[in-house]
Every structure is written in structure tokens, then in C-alpha cells.
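Peer 1: any chance you can model this:
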Amino acid sequence: LNIFAMLQKELAAISSFLVASKYVQDAEDIYNLLTALELCSSNAKVAPIVLTVADGVAASTDVLGNSVKATIKPTKVTDRSTRKPVSIPGKMTNGKLPSLKPGIYDMEFEVKPPSGKQSAQTSRMVKSTASVKPKSAILYVGKSSKLGGNEDKFIANFPATFSEDILADESKYMLFVKLSFEGDGLQEQVFLQFNHAESGKSVIFVMNPGKKSYNLKLNLGSSEFTENAFGPGIYTLKALVGGVLLKESYSWTLGDVEITWPPSTAPKKENPLAMKKEIQHIFNKPPKQPNSIISLLFTLVCLSPLGVIYYGIGVLGLKLELPASQKLWAVGFQFSLASIVVLNLCYFLFLNTVEALVCLCVLSIPAVITGNQALNYLNAIRQKRKVKNE
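Peer 2: As a prediction, this is how the structure comes out:
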């Protein structure tokens, strides 16, 4: 805050305003006016000071941007990435901030105007940038996945390009790129861009940081390149260097590389109206069933008691005779039951559920009719015997 006394011109302007507003009418108003003017002349007027930090320089101005003399002193520096305090390496000279390592910091300042005794504490975000510049680029073209000394070597110094034409074919398809820098900082983002001359499209690969350089190893026949690139042709190589903490970003054109391997294959054109393949899917796998021969043998075993009964009747000499009037209904009922047994056997072997139910409905009609007539006959005989006994 900048504190200073009120000027005579300002006092006169306030007095004119109070008199013009017609608030002075009696002796009491005159006393209040003189008291107010005395307070204005004796009290201090306060105006804010704005602290601006840009490009490593701290400056103090008023709210209108006019320069104001003030003593600016950094009191505390904290690294935003680690949240730890950092020692201040030196004092400010002509508003220039002390030099710090590249990074983003929270810096607290003490601002004290020369014309007053009050000072203020404030903080600002300060970014310390680095001066980094590409130095040289080395490109190797070979066949082995490791450098062995038999590769073609191409060198370019910034900002020049490679002086020779570069060819990559089936005999030499491994690219090794090494990019070195000069400066006192850290480069955060380094990419190698391939611009396809025919299509105008580009693909970017991230270069890996090393001890003193950035490197990239790329197999032109691998899916990493073929699935992202645009086929054989001439590609323009560019090195892209940038970062939040760099003063300047760079786009360095290294040169052209002619890639002839792997050869391009014409894409197959599919007819959108052609017949599609049938989609086959089993929602529920049928349960495993035994062999049909085993099933037939099991059925015969289940029916064997009927054969034993028939054989026993013959051995004992028993005769099963029905009355002449009842033979037709009894035989029909027995035939219907036998048909239902045969239907169950067919359902077990080859019929589905719907077919078996339809056949069962058809066979149940004669079975109900013949069975009802046979039961009526037996009931009539039972009633006649009951009457005779009485």
C-alpha cells in the first residue's frame, strides 16, 4: 500500500463540492465542514500497489499501470512439483529475480513503498525456463537390430538437413536416430515426425531420453510402423522439440527418406451387397446321450417282465377269455395302451416334444372311449352279482 498526504488542490475540490451541495446553512454546518477539511488534510490517503512478475522481472505499479517506486524482496520460494522450500540463491538486481533451476515455483514477496511505513506480503507463481537448442542429428540405416558399424550413417547440424539421399529397402530397414542438444535446461517433449509426400499425412513417434541425447530405434517392417504409416514412398523427417519449461520450441527438418519396403498391397474391395457368411451360434449345448444300442437294450430289459408274465401264463395253463360282447372294447383299450408305450419309445429315439404331444393327443381319444366302455361293462356285471346275492 502506498500512503501519502492529500494535496491542496484535492482539499479545494472537496470544499467546492460540499459548498455546492448546499449542506452549509448555519454555524453548525460551517463547523462540520471545517472539521471535515481538517481531517482530510491531516489524515493519510491509501492507494494500492500492483506487483507484476513476468519474464523473470518483478515490477510495482498502481492500478492504472503507472510505475511506482517500491522495495521488492523475495522471502520464500516453494517448488510446486515437490512442495518443498527452495533456498533463494541471491538478491534481486533492478527487479530481476534470482536464477533458479527450470521449474514452477510459488514465490512470496515483501513489497514496501519508500514513502510509507506499511508493507505487504503477497505471492506469485514464477516459472523458470531453460534455454535449449538442438545441436546435431545422426541417422543410421541398417539391417541388424543393434548398431554394428556396417550401417549407412548420415549427420546434420542444426538447422541444416542431411546432405545425402537416404534409402531404406529390404536390405536395410532399421532406422536409428540420435538427437543431441546444447543448453542449460531440460527438454520435456521430443518427437520424430514422418510426413508422407504423396498423401500429405504424417505420423509421429516419441523419442526416448538417454544420458546426453534422445534416441529412436524403428523397424520399418514391423507393425509399429506399417500400421501407422502410409505405405512406401518419400517421407520428410522432422524433429519436434518443446516443453513447458523451454523458452523456445523447435521444428527441425532433417531431410527426406525414401522407403521402398515393405511393398504396398492394394486393399481388397468388398462388395457391400454380397452375401454374408451365416452366423452360427449354439445357445445351449445339448446334453450328452448314451449310444442308441445301449438305449434299446435298456428298453428291452424294462419290457422283459411282460414276457415273463406271458410265459408264466402258458406254463400254468391259464386262459384269459373275455365275453363276446366285451372283446372289441377290451382289445381296443389294450391296443391304445400299447400304442402309447410305442409312442414313448419313439419319443426317446427320434421324436421331439411337439410331435410326441400331438401323437399322444390323437391316441388318447380311442384310449378314453374304449376304456370307458370296458369299465361300464365291468360295473354292470358287478351290479348284477350284487342283486343276485341279495
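
Peer 1: make it CA atoms for all contacts and neighbour counts henceforth
Peer 2: Fine.

Peer 1: in this protein, which helix or strand is least confident?
Peer 2: strand 2-5 (a mean of 46; mean pLDDT, DSSP states H and E).

Peer 1: where do the helices sit along the stretch 251-390 of the chain?
Peer 2: 292-316, 327-349, 353-389 (DSSP state H, counting those that start in this stretch).

Peer 1: out of those helices, which gets nearest to residue 194?
Peer 2: Of all the helices of the stretch 251-390 of the chain, it is helix 353-389 that lies closest to residue 194, at 67.1 Å by CA to CA.

Peer 1: next, the buried residues of the closest one.
Peer 2: 356, 363, 366-367, 370-371, 373-374 (16 or more other CA atoms under 10 Å).

Peer 1: one more: stretch 251-262?
Peer 2: Within stretch 251-262, judged by 16+ other CA under 10 Å, the buried ones are 252-262.

Peer 1: so which residues make contact with that stretch?
Peer 2: For stretch 251-262, contacts defined as CA atoms under 8 Å, 6 or more residues apart in numbering pick out 137, 156, 158-162, 165-170, 173, 220-221, 231-241.

Peer 1: convert the C-alpha atoms of that stretch to PDB, please.
Peer 2: What follows is stretch 251-262, C-alpha atoms only, in PDB (Å, rounded to 0.1, in the frame of the first residue of the first chain):
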ATOM      1  CA  SER A 251      10.700 -27.800 -35.600                       C
ATOM      2  CA  TRP A 252      13.800 -29.000 -37.400                       C
ATOM      3  CA  THR A 253      13.500 -30.600 -40.900                       C
ATOM      4  CA  LEU A 254      16.200 -33.300 -41.100                       C
ATOM      5  CA  GLY A 255      15.700 -34.500 -44.700                       C
ATOM      6  CA  ASP A 256      13.900 -36.900 -46.900                       C
ATOM      7  CA  VAL A 257      13.900 -40.700 -46.600                       C
ATOM      8  CA  GLU A 258      12.700 -43.000 -49.500                       C
ATOM      9  CA  ILE A 259      11.100 -46.100 -48.100                       C
ATOM     10  CA  THR A 260      10.500 -48.900 -50.600                       C
ATOM     11  CA  TRP A 261      10.000 -51.800 -48.200                       C
ATOM     12  CA  PRO A 262       7.700 -53.500 -47.400                       C
END
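
Peer 1: what's around residue 33, how many residues?
Peer 2: 18 (other CA atoms under 10 Å).

Peer 1: columns mean pLDDT on top of the helices of the stretch 251-390 of the chain, output as a markdown table?
Peer 2: Compiled in a markdown table, those are given as follows (pLDDT from 0 to 100):
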| stretch | mean pLDDT |
| --- | --- |
| helix 292-316 | 77 |
| helix 327-349 | 82 |
| helix 353-389 | 84 |
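
Peer 1: distance to residue 75 added to the ones you listed, as JSON lines?
Peer 2: Shown next, in JSON lines, are these (distance: least, CA to CA, whole Å):
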{"stretch": "helix 292-316", "distance to residue 75": "96"}
{"stretch": "helix 327-349", "distance to residue 75": "95"}
{"stretch": "helix 353-389", "distance to residue 75": "91"}
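
Peer 1: which one of the ones you listed lies nearest to residue 33?
Peer 2: Of all the helices of the stretch 251-390 of the chain, it is helix 353-389 that lies closest to residue 33, at 112.5 Å by CA to CA.

Peer 1: helices or strands next to that closest one in the packing?
Peer 2: Under the contact criterion of 3 or more CA pairs under 8 Å, 6 or more residues apart in numbering; DSSP states H and E, helix 353-389 touches helix 327-349.

Peer 1: put the alpha carbons of the helix it packs on into PDB.
Peer 2: C-alpha atoms of helix 327-349 as PDB (Å, rounded to 0.1, in the frame of the first residue of the first chain):
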ATOM      1  CA  LYS A 327     -63.800-108.400 -26.600                       C
ATOM      2  CA  LEU A 328     -64.000-105.500 -29.000                       C
ATOM      3  CA  TRP A 329     -63.700-102.700 -26.300                       C
ATOM      4  CA  ALA A 330     -61.100-104.600 -24.300                       C
ATOM      5  CA  VAL A 331     -58.900-105.300 -27.300                       C
ATOM      6  CA  GLY A 332     -59.200-101.700 -28.400                       C
ATOM      7  CA  PHE A 333     -58.300-100.400 -24.900                       C
ATOM      8  CA  GLN A 334     -55.300-102.700 -24.800                       C
ATOM      9  CA  PHE A 335     -54.200-101.700 -28.200                       C
ATOM     10  CA  SER A 336     -54.400 -98.000 -27.300                       C
ATOM     11  CA  LEU A 337     -52.200 -98.600 -24.200                       C
ATOM     12  CA  ALA A 338     -49.700-100.500 -26.300                       C
ATOM     13  CA  SER A 339     -49.600 -97.600 -28.900                       C
ATOM     14  CA  ILE A 340     -48.900 -95.100 -26.100                       C
ATOM     15  CA  VAL A 341     -45.900 -97.300 -24.900                       C
ATOM     16  CA  VAL A 342     -44.600 -97.400 -28.500                       C
ATOM     17  CA  LEU A 343     -45.000 -93.600 -28.700                       C
ATOM     18  CA  ASN A 344     -42.900 -93.200 -25.600                       C
ATOM     19  CA  LEU A 345     -40.200 -95.400 -27.200                       C
ATOM     20  CA  CYS A 346     -40.300 -93.300 -30.400                       C
ATOM     21  CA  TYR A 347     -40.000 -90.000 -28.400                       C
ATOM     22  CA  PHE A 348     -37.000 -91.400 -26.700                       C
ATOM     23  CA  LEU A 349     -35.400 -92.300 -30.000                       C
END
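
Peer 1: for that helix, buried residues please.
Peer 2: Buried-residue list, helix 327-349, by 16+ other CA under 10 Å: 329-330, 332-333, 335-337, 339-340, 343, 347.

Peer 1: what do you get for stretch 240-247?
Peer 2: Neighbour-count burial for stretch 240-247 flags 240-242, 244-246 (criterion: 16+ other CA under 10 Å).

Peer 1: which two among these are spaced furthest apart?
Peer 2: Farthest pair in the buried residues of stretch 240-247, by CA to CA: 240 and 245, 15.1 Å.

Peer 1: tell me which of the helices of the stretch 251-390 of the chain lies nearest to residue 195.
Peer 2: Smallest distance to residue 195 across the helices of the stretch 251-390 of the chain (CA to CA): 67.8 Å, for helix 353-389.
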